[in-house]
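>>> Need a 3D model of the following:
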Amino acid sequence: MKLFLGWFYPQLMSTYGDRGNIIALSYWAKILGIDLEVCPISLNDPYEKILKMDILFMGGAQDKQQEIVSKDLKNGKSKALKKAIEAGVSGLFVCGAYQFLGRYYKAADGTKIPGLSIFDLYTENPGESFPRLIGDIGIKTKIAKDEIVVGFENHGGRTYLSNKNLAFGEVIFGFGNNGKDKTEGIFYKNTIGTYLHGPILPKNPKVTFFLLEKAIERKYKRKILVKEFDEEWEKQAREIVIRNNRDR
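Residues are numbered from 1 along each chain as shown. Now for the predicted structure:
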């Protein structure tokens, strides 16, 4: 079984170690007997390339890089990306990439930057008088029901979902989308939008398995059997984060 993983803008959108998600996907794909080919999707690449992918990934970045990417996405790639997500292609979009897929981002100076409107949400940065939302975060998700998914968040923007039932998870500790309503990220079709860096996938194999499983189901119309693998290191990493934040 072969899958193609589209990695959007690896040279521009890979803040806070987000490329570790690519490493985790490649590692577990090999364990599961999947031939995973990583395909960078870079500036000026044709939009048709997106439609050939089985999994999509985009990490976070600083404002300057996001501005460059935003312009490139308007050349037809945004329509292809929306078509892929609506068709059920599995994907992971982290922090700045997550914000991109919403309706708009309102900067601290009041500038309103249109998003791709794939996710029904918006993000606003209240300005320097408000603290950034930084630190460890743990959430309960629909994907890993029997364990806490952990990560690290660092964002000034506050994100608000039109439908809170679409949240990727419920905040156990940390801030999440906006530090108020206990929602974190969004879970739409087979796509996850989240603020969890860390990166998220190495510490949370069940999220990794979800992306791979859905890609196989969609492409080959079959299920893959995820057996009990040795996840002791990942389990210890999660437990340390949870223990250090137990009283938050």
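>>> ok now the least confident helix or strand in the chain by mean pLDDT, how far from the chain's centre?
None of the helices or strands of the chain scores lower by mean pLDDT, DSSP states H and E than helix 63-73, at a mean of 82. Here helix 63-73 is found 17 Å from its chain centre; the criterion is C-alpha atoms, centre = their mean, to the nearest Å.
>>> And it, what does it pack against?
With contacts defined as 3 or more C-beta pairs under 8 Å, 6 or more residues apart in numbering; DSSP states H and E, the packing partners of helix 63-73 are helix 96-100. All C-beta spots, glycine's among them, are computed from the backbone N, C-alpha and C.
>>> What residues of the least confident helix or strand of the chain count as buried?
For helix 63-73, burial by neighbour count (16 or more other C-beta atoms under 10 Å) applies to 65-66, 69-70, 72-73.
>>> can I get these in TSV with distance to Thr159?
Below are these laid out as TSV (distance: C-beta to C-beta, whole Å):
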residue	distance to Thr159
Gln65	19
Gln66	15
Val69	18
Ser70	17
Asp72	23
Leu73	19
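>>> Among those residues, find me the one that's closest to Ser117.
Leu73 (11.8 Å; C-beta to C-beta).
>>> need the contact list for the closest one.
Shown in contact with Leu73 (C-beta atoms under 8 Å, 6 or more residues apart in numbering): 81, 100, 116.
>>> Next, the contact list for Trp180, please.
You called it Trp, but residue 180 is Lys. Arg158.
>>> Mind pulling up the pLDDT for it?
Listed pLDDT for Lys180 reads 97.
>>> Can you tell me how far it is from Thr159?
Applying C-beta to C-beta, to the nearest Å, the value for Lys180 to Thr159 is 11 Å.
>>> Ile200 is in contact with Glu234, correct?
No: Glu234 is beyond contact range of Ile200, at 11.5 Å (criterion: C-beta atoms under 8 Å).
>>> tell me what the longest strand belonging to the chain is packed against?
The residue-count maximum for a strand in the chain (DSSP state E) belongs to strand 133-141. Judged by 3+ C-beta pairs under 8 Å, 6+ apart, the packing partners of strand 133-141 are strand 149-155, strand 169-173, helix 232-244.
>>> mind redoing it with 6 Å?
strand 149-155, strand 169-173 (3 or more C-beta pairs under 6 Å, 6 or more residues apart in numbering; DSSP states H and E).
>>> Run me through the strand neighbours of that strand, direction for each.
strand 149-155 (antiparallel), strand 169-173 (antiparallel) (DSSP bridges).
>>> The last one to helix 232-244, inter-axis angle?
In other words, strand 169-173. Angle of strand 169-173 versus helix 232-244, following axes from the mean of the first three to the mean of the last three C-alpha atoms, to 10 degrees, is 60 degrees.
>>> ok, now the longest one?
With the same axes, to 10 degrees defining the directions, strand 149-155 sits at 60 degrees from helix 232-244.
>>> could you say what helices and strands the helix or strand immediately after strand 149-155 in the chain packs with?
Next along the chain after strand 149-155, taking DSSP states H and E as the criterion, comes strand 158-161. Taking 3+ C-beta pairs under 6 Å, 6+ apart as contact, the helices and strands that strand 158-161 lies on are strand 121-124.
>>> Can you give the contact residues for the strand it packs on?
Residues outside strand 121-124 that contact it (C-beta atoms under 6 Å, 6 or more residues apart in numbering) are 99, 102-106, 157-161.
>>> Would you point out the most distant pair within those residues?
Largest pairwise distance in the contacts of strand 121-124, by C-beta to C-beta, is 15.6 Å, between Lys106 and Leu161.
>>> ok, the two, which is more surrounded?
Leu161 (22 against 16; other C-beta atoms under 10 Å).
>>> Identify the residue nearest the more buried one in space, chain neighbours excluded?
Setting aside the residues directly before and after it, Leu161 is nearest to Leu121 in space (C-beta to C-beta, 6 or more residues apart in numbering), at 4.8 Å.
>>> Give me the distance between Ile41 and Leu161.
Ile41 is 26 Å from Leu161, by C-beta to C-beta.
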